[in-house]
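Participant: sequence-free structure coming up:
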């Protein structure tokens, strides 16, 4: 049986009822209802309870039914998980048949607006001006960048910020399952293709002899579309191998992964590749083709929010058969070390004489 194609869920403002003010508030990133309480999370990761009295059983039933119909998916005790999305919202609901706490939902907002700007990042202590200028120059020098950290530290938002410094004439292809990058909307008129991948659903594609646009196939397809850059929203699994192979052809890219130390990036890639026969060769490719590692962290504040910052910054290199990591930022502090010679050479080849100076 052919699987239905996913499509953007279109809900009118009336469908959100009492939730509409939170959907329209640009400072709010998440709206969560756990069956009893309504929680809001803002761009600073501060969480606060909101008035849940208007989330009545009737509204909850109507709202989830509208989402279900718009997504053309059933939502009932036999199908207790509902996932839907629009261009700027991702909605997940869980039926009360599958919980002990009542029907619940989460609305994650990913608007096509830049949440980061250079002066704002510097002012909030994300990193100092010299480090931010260096990272911008890493983009201009066409280096491959991997951003890591825990969930909620803003990996994708920082990746979006850095991608804004890609020269307009260079073709960018974004690959993601949920629309978050919005490169074509943030930078209209630039050469961009936004590829949406499909989540695997129990092997139905194999039975129907169809090619599913999963992450691996999307990356391979990119090579036939003449990209300058590939923006992979998150490397999670075996597509990491295809991404490295893509980098080896000269295509540049920015991606995110989950790990808590830049030194673990090579091991994390090896774990995702899941092929011991390739491990020896692939570890060398990792140091060859990944240039920059960035670790983001979220430091909780007394007010209950959080401050995001660059905790670690490193460069990877392979020379004379040796794989090396050069750490430039540790524990949020820039180390008083000169740039590695191979990075200086890459900067100079790109016409960058002062890596730490840039008009942000």
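Facilitator: Right, received. Where do you want to start? Source: prediction; values computed, not measured.
Participant: residue closest to the middle of this structure?
Facilitator: Most central in the chain under C-alpha atoms, centre = their mean is residue 156, positioned 3.3 Å from the mean C-alpha point.
Participant: Any idea how many residues pack against the nearest residue to it once chain neighbours are set aside?
Facilitator: Leaving aside its chain neighbours, residue 156 sits nearest to residue 180 (5.3 Å; criterion: C-beta to C-beta, 6 or more residues apart in numbering). C-beta here means a position set from N, CA and C on the backbone, and glycine is covered the same way. Neighbour count of residue 180, defined by other C-beta atoms under 10 Å: 20.
Participant: Touching, residue 180 and residue 108? I think so.
Facilitator: No. The pair residue 180 / residue 108 is not scored as a contact, 9.0 Å apart, by C-beta atoms under 8 Å.
Participant: on that earlier part again, for the residue nearest to residue 156, which three-state class applies?
Facilitator: Judged by DSSP: H, G, I helix; E, B strand; the rest coil, the three-state class of residue 180 is coil.
Participant: what's it in contact with, if anything?
Facilitator: Residue 180 makes contact with 110, 156, 160, 233, according to C-beta atoms under 8 Å, 6 or more residues apart in numbering.
Participant: Now do the same contact list for the third one.
Facilitator: If a contact means C-beta under 8 Å, 6+ apart, then residue 160 has 114-116, 180-183, 186 as its contacts.
Participant: Please apply the same query to the last one.
Facilitator: Contacts for residue 233 were tallied using C-beta under 8 Å, 6+ apart; they are 156, 174-178, 180-181, 255-256.
Participant: ok, back up a step: mind putting the contacts of residue 180 into TSV with pLDDT and distance to residue 346?
Facilitator: Shown next, in TSV, are those (pLDDT from 0 to 100; distance: C-beta to C-beta, whole Å):
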residue	pLDDT	distance to residue 346
110	84	32
156	91	25
160	93	23
233	89	26
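Participant: now, which of the residues you listed sits nearest residue 26?
Facilitator: Of all the contacts of residue 180, residue 26 sits closest to residue 110, with 11.9 Å by C-beta to C-beta.
Participant: What does the pLDDT read for the residue nearest to residue 47 when sequence neighbours are not counted?
Facilitator: Of all residues beyond its chain neighbours, the one nearest residue 47 is residue 41 (5.1 Å), with distances taken as C-beta to C-beta, 6+ apart. The score at residue 41 is 92. That number is its pLDDT.
Participant: who does the helix or strand in which residue 41 is found touch, helix- and strand-wise?
Facilitator: Secondary structure from DSSP states H and E places residue 41 in strand 38-42. Other helices and strands packing on strand 38-42, by 3 or more C-beta pairs under 8 Å, 6 or more residues apart in numbering; DSSP states H and E, are strand 28-33, strand 47-50.
Participant: Does residue 163 touch residue 253 like I think?
Facilitator: No. With contact defined as C-beta under 8 Å, residue 163 does not reach residue 253; the gap is 9.9 Å.
Participant: Who has more neighbours out of the two?
Facilitator: residue 253 (28 against 21).
Participant: Spit out the contact partners of the residue nearest to that one when sequence neighbours are not counted.
Facilitator: Distance criterion C-beta to C-beta, 6+ apart; nearest residue to residue 253, sequence neighbours excluded, is residue 230 at 4.2 Å. Neighbouring residues of residue 230 by C-beta under 8 Å, 6+ apart: 172-173, 175, 219, 222, 243, 246, 251-253.
Participant: Pop out the phi and psi values for the spatially closest residue to residue 157 that is not a sequence neighbour.
Facilitator: Ranked by C-beta to C-beta, 6+ apart and with sequence neighbours excluded, the top spatial neighbour of residue 157 is residue 115, at 5.2 Å. The phi/psi pair for residue 115 (degrees, to the nearest 10) reads phi -90, psi -20.
Participant: What segments of the stretch 51-200 of the chain are helices?
Facilitator: Counting by DSSP state H, counting those that start in this stretch, the stretch 51-200 of the chain has helices at residues 57-71, 118-123, 129-140, 155-163, 183-186.
Participant: just to revisit the earlier point, can you select the buried ones from the contacts of residue 160 in PyMOL?
Facilitator: In PyMOL syntax, the buried subset of the contacts of residue 160 is picked out as below (16 or more other C-beta atoms under 10 Å):
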select buried, resi 115+116+180+181+182+183+186
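Participant: Relative to residue 101, which of the contacts of residue 160 is nearest.
Facilitator: Taking C-beta to C-beta as the measure, residue 101 lies nearest residue 180 of the contacts of residue 160, at 28.2 Å.
Participant: now that closest one: how far from residue 191?
Facilitator: 20 Å (C-beta to C-beta, to the nearest Å).
Participant: so where's the stretch 251-360 of the chain uncertain?
Facilitator: For the stretch 251-360 of the chain, the stretches flagged by pLDDT under 70 are 275-279, 302-305.
Participant: same thing but 80
Facilitator: Within the stretch 251-360 of the chain, the stretches with pLDDT under 80 are 274-281, 301-305.
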